[in-house]
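> Please work out how this folds:
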Amino acid sequence: MTDGRSWNWETGEGLLGIDDPAEVDAAFERGEESLGAAVIGLALNCPPEVSSPRIIRAIAVLDRSRRDFPFTAAGHVARLNGRLTSELYAALRAEGRGGFAENAIRDTLTFVPFRKLTPWFKWQLVRMTVVDKLDAWRLTATDTAEEAWKALRRRRS
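Presented below is the predicted three-dimensional model:
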């Protein structure tokens, strides 16, 4: 564990290096402003079982202006560990796509193996793959039509 002198709760300096869950728990009790950075630090430096309860707690207590921090932390957990806890899966699903959890959900779909995803996440991956493929086909068709139109206009001139 890191000693308490390497981070500053007032400025947030050094909190990305925090690896002491007890210190973060004490910060929750004190109502520190930099809790978002601290849970990101835990996600970067601790296993998911340690950081997950604090990320969930941060989702519940942080105000709207700081609510993106715990979702960023969840994305880091997925990226670094290739897995999430069941609580994080539930929190991301509850928030849903299109909000604060959008990037964390995309990180989960990118870095967690398909076999480890919950059914909702598997469905999201299939849905996003189909939508992306349809969009690619639409763009290809649009580009082809534009090129044909340009060729036709050149022939007329």
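
> In which helix or strand does residue 32 reside?
Assigned by DSSP states H and E, residue 32 falls within no helix or strand.

> Compute the number of surrounding residues for the residue nearest to it when sequence neighbours are not counted.
Excluding its sequence neighbours, the residue lying closest to residue 32 (C-beta to C-beta, 6 or more residues apart in numbering) is residue 9, at 4.9 Å. To be clear about C-beta, it is placed using only N, CA and C from the backbone, and glycine gets the same treatment. Residues near residue 9, counting by other C-beta atoms under 10 Å, number 20.

> Now do the same contact list for residue 9.
Under the criterion of C-beta atoms under 8 Å, 6 or more residues apart in numbering, the neighbours of residue 9 are 15, 27, 30, 32, 33, 34.

> check contacts around the fifth one.
Applying C-beta under 8 Å, 6+ apart, one finds that residue 33 lies in contact with 9, 10, 12.

> same thing but at 10 Å, please
By C-beta atoms under 10 Å, 6 or more residues apart in numbering, the residues touching residue 33 are 9, 10, 11, 12, 27, 62, 66.

> State the phi and psi torsions of it.
Dihedral pair for residue 33: phi -70, psi -30, per degrees, to the nearest 10.

> before we move on, the earlier item: how about the residue nearest to residue 32, secondary structure?
Residue 9 falls in the coil class when you classify it by DSSP: H, G, I helix; E, B strand; the rest coil.

> before we move on, back to that, show me which of the contacts of residue 33 is closest to residue 19.
Using C-beta to C-beta, residue 27 comes nearest to residue 19 of those, at 13.6 Å.

> No more questions from me, cheers.
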